[in-house]
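[1] just need the structure, nothing else, for what follows:
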Amino acid sequence: MVHHVGSFEAKTRLAEFLRLAERGDEIVVLRRGQRVAVIMGAKRYDEVARADDHDWRRSLRAWRARRDRPRLAHADVMALVRESRRALP
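    I've put the predicted structure just below:
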């Protein structure tokens, strides 16, 4: 089960939330309505970390491929913009 709590409540009831996390629940900590942290049990964390291990490597390879591709020069971009404007009715 996922619980959403404010940061003050998370600080005040930390021991209780740690017990819930050990049981398998996840606690999402919010600050001003925005998610800032997640408390989860060690087993769940290991599952997530193992899954992310492969994903970050794949993401890094994709980023390097995008980084190394040739880029358009400013003049080429401006020519494409002018051409697309001419095509407008």
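
[2] surely L30 is within a strand?
    Yes - applying DSSP: H, G, I helix; E, B strand; the rest coil, one finds L30 inside a strand.

[3] which residues does it bridge with?
    Assessed by DSSP bridges, L30 has beta-bridge partners G6, R35.

[4] that one is in contact with H4, isn't it?
    Yes - shown here, L30 and H4 form a contact pair, counting by C-beta atoms under 8 Å, at 6.0 Å. Every residue, glycine included, has its C-beta placed from N, CA and C.

[5] who's more crowded, the two?
    Remark: of L30 and H4, L30 carries more neighbours, 15 against 12, as counted by other C-beta atoms under 10 Å.

[6] gap between that one and D46?
    Between L30 and D46 the computed distance is 25 Å (C-beta to C-beta, to the nearest Å).

[7] R66 too?
    Distance from R66 to D46, by C-beta to C-beta: 31 Å.

[8] neighbour count for those two, which is higher?
    Each of R66 and D46 has its neighbours counted (other C-beta under 10 Å); D46 has more, 11 against 8.

[9] ok but that one is inside a helix, no?
    Yes - under three-state DSSP, D46 falls within a helix.

[10] what is the neighbour count of R44?
    So R44, with other C-beta under 10 Å, has 15 neighbours.

[11] what of the one 4 residues further on?
    In terms of burial, V48 registers 13 neighbours under the definition other C-beta under 10 Å.

[12] equivalent analysis for V28, please.
    Per other C-beta under 10 Å, the neighbour tally for V28 reads 15.

[13] find the nearest non-adjacent residue to it, please.
    Leaving aside its sequence neighbours, V28 sits nearest to H4 (C-beta to C-beta, 6 or more residues apart in numbering; 4.9 Å).
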